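S.K.: any chance you can model this:
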Amino acid sequence: MPVPSVNAATPFRRAARFLAALAWCALIYAASDRPDLRVSDDDLLDFVLRKTAHVVVFGVLVVLIERALHGEGLSWRWSIPTAWLATFAYACSDEWHQTFVEGRSGQVSDVGFDMLGATLAAAVILLVRRSASTPAPEPAP
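M.R.: Okay, the predicted model is just below:
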């Protein structure tokens, strides 16, 4: 009887990876649908915290999407750029969505912060995936 691969994912696990990414998108949508997301009375602190949130939230999104795609057997050479592009599309649609929310406005600069997070996360994924696929050097005799 063949032994299943340790990396073989059950249908539940495969679905859970995509559901995690979709749930994260829903969380982003819910936050974007709020009229005012001010987190501090101090303007500078509010700005820094909100832009940091953009970087972190969309960094997590690219990780979740890449994990789902890679889990489907897509090579990291394809899963990373595909996840980055999907994140870019969602970042653009998120800012467009905000143009319909009273008290909010879509900002191109926010897409820039979103993609900064996505790019940093994609770079980390790339380093991890490349190091995992690089064979260890042979020991000297």
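
S.K.: where in the protein is pLDDT low?
M.R.: 1-8, 134-138, 140-141 (pLDDT under 70).

S.K.: 80 instead, please
M.R.: Scanning the chain for pLDDT under 80 picks out the ranges 1-9, 36-37, 133-141.

S.K.: in it, where's the longest helix?
M.R.: helix 43-71 (DSSP state H).

S.K.: which elements pack onto it?
M.R.: For helix 43-71, the contact count by 3 or more C-beta pairs under 8 Å, 6 or more residues apart in numbering; DSSP states H and E identifies helix 11-32, helix 76-98, helix 108-133 as packing neighbours. Any C-beta I mention is one placed from the backbone N, CA and C, and that applies to glycine too.

S.K.: out of those, which gets nearest to residue 65?
M.R.: Evaluated over the helices and strands packed on helix 43-71, closeness to residue 65 peaks at helix 76-98, with 4.0 Å, by C-beta to C-beta.

S.K.: relative to helix 11-32, how tilted is the closest one?
M.R.: Here the directions of helix 76-98 and helix 11-32 differ by 30 degrees (axes from the mean of the first three to the mean of the last three C-alpha atoms, to 10 degrees).

S.K.: what sits up against stretch 100-108?
M.R.: Outside of stretch 100-108, the residues within contact range by C-beta atoms under 8 Å, 6 or more residues apart in numbering are 32, 33, 34, 35, 36, 95, 96, 97, 98, 99.

S.K.: thinking again about what came up before, pick the most buried one from the helices and strands packed on helix 43-71.
M.R.: Counting by mean count of other C-beta atoms under 10 Å, helix 76-98 has the highest mean neighbour count of those, with a mean of 18.

S.K.: just how off-centre is it within its chain?
M.R.: Centre-to-centre, helix 76-98 and its host chain are 8 Å apart (C-alpha atoms, centre = their mean, to the nearest Å).

S.K.: and that helix with helix 43-71, angle?
M.R.: 140 degrees.
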